[in-house]
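Engineer: coords please:
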Amino acid sequence: MTEYHTISRGVGPILAERVAVITGGARGIGLGCARVLGAAGAAIALWDIDEAALNSASRQLQSQGVKAKAFIADASQSPAVDATIAAIADEFGRIDILVNNAGTHDGKGIEEADEADWSRIIDTNLKSVFLVSKGALPHLKETRGVIVNMGSMVGLAGQGKSGAYSASKGGIIALTKNLALDLAPYGIRVNCICPGWVETPLVNQWFALQPDEAEARAYVDSIHPLGRIAAADEIGNAALFLASDLASYVTGVAIEVDGGVTLGY
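Structural biologist: I've put the predicted structure just below:
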């Protein structure tokens with residue numbers, strides 16, 4: 001992936017003095033969002049359950065001049081969410097932007113998955129959006145803030161062996177529209193990003209497990225009209241647009257950032 005695909009240039013500090021909370025922020029799309037929003041001037045509250053990866057991500061951002069702090073908590077558990085929101089507000093004094101990105105996927109269809117598998121994915125991917133949005137709401141009301149939820153192309157088009165994941169992402173899209181209606185009177189905008197294939201550690205792990213990694217990568221690239229998968233920071237660029245005043249009249253939408261791959265569905 002060439003560098004120019006991954007860096008948002010020439011934007012300037014359009015998020016200066018704003019605080020962004022990013023769940024699932026330790027790696028992949030979450031870290032890509034953190035890099036881009038941080039480069040645009042936002043202070044970043046990184047939230048994840050993986051302590052080692054979270055601390056590494058926080059140090060990476062700090063080395064790039066971004067004010068960042070790590071918060072270790074499970075975004076699908078109400079007591080942990082309430083405590084973490086309180087800690088973030090105490091540390092930064094405000095919350096302007098919430099990126100709900102916590103997520104997991106197990107590649108199981110209905111024949112392989114059991115109830116525990118279903119609950120784990122729905123809780124991590126969908127319940128967390130409800131809990132964290134609700135917990136952050138008093139602070140977002142004060143700042144007339146923004147919520148950006150991370151959906152997926154499979155929430156729009158479906159995908160085999162992904163029942164719980166597809167349902168969770170479809171639920172996020174529906175919840176986004178509901179929240180946009182409920183929170184508009186407070187000046188809070190709520191939108192959703194639906195990525196396709198993105199170069200993340202999880203996707204790279206999947207490629208490495210294929211019989212011929214190079215062939216698998218070439219095939220996945222070939223199904224995208226733009227001829228490649230996304231860099232995580234390109235999803236971050238979409239989050240930057242939605243989080244900024246450039247999108248001041250945009251709410252309740254699910255933006256497909258997928259290189260055109262769903263056009264063929």
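
Engineer: longest helix of the chain?
Structural biologist: As assigned by DSSP state H, the longest helix anywhere in the chain is helix 163-183.

Engineer: With just CA atoms, put that one into CSV.
Structural biologist: In CSV, the C-alpha atoms belonging to helix 163-183 read as follows (Å, rounded to 0.1, in the frame of the first residue of the first chain):
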residue,chain,number,x,y,z
GLY,A,163,-24.4,-14.2,10.3
ALA,A,164,-23.8,-12.5,13.6
TYR,A,165,-21.3,-10.1,12.1
SER,A,166,-23.6,-9.1,9.3
ALA,A,167,-26.5,-8.7,11.7
SER,A,168,-24.5,-6.6,14.0
LYS,A,169,-23.3,-4.3,11.2
GLY,A,170,-26.8,-4.0,9.8
GLY,A,171,-28.0,-3.1,13.3
ILE,A,172,-25.4,-0.4,13.5
ILE,A,173,-26.7,1.2,10.3
ALA,A,174,-30.2,1.1,11.6
LEU,A,175,-29.2,2.4,15.0
THR,A,176,-27.3,5.2,13.3
LYS,A,177,-30.4,6.5,11.6
ASN,A,178,-32.4,6.2,14.8
LEU,A,179,-29.9,8.1,16.8
ALA,A,180,-29.6,10.8,14.1
LEU,A,181,-33.4,11.4,14.5
ASP,A,182,-33.3,11.3,18.3
LEU,A,183,-30.3,13.5,18.8
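
Engineer: as a whole number, average confidence for that helix?
Structural biologist: Helix 163-183 shows a mean pLDDT of 97.

Engineer: Please state the offset of that helix from the chain centre?
Structural biologist: Helix 163-183 has its C-alpha centroid displaced from the chain centroid by 13 Å (CA atoms, centre = their mean, to the nearest Å).

Engineer: same for the next helix or strand after that helix, what does it pack against?
Structural biologist: Using DSSP states H and E, the helix or strand that follows helix 163-183 in sequence is strand 189-195. In terms of contacts (3 or more CB pairs under 8 Å, 6 or more residues apart in numbering; DSSP states H and E), strand 189-195 is packed against strand 146-150, helix 163-183, helix 232-243, strand 254-257. The way it works is simple: take the backbone N, C-alpha and C, and place the C-beta from them, glycine included.

Engineer: Using JSON lines, lay out the ones you listed together with mean neighbour count.
Structural biologist: Compiled in JSON lines, the helices and strands packed on strand 189-195 are given as follows (neighbours: other CB atoms under 10 Å):
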{"stretch": "strand 146-150", "mean neighbour count": "26"}
{"stretch": "helix 163-183", "mean neighbour count": "20"}
{"stretch": "helix 232-243", "mean neighbour count": "25"}
{"stretch": "strand 254-257", "mean neighbour count": "20"}
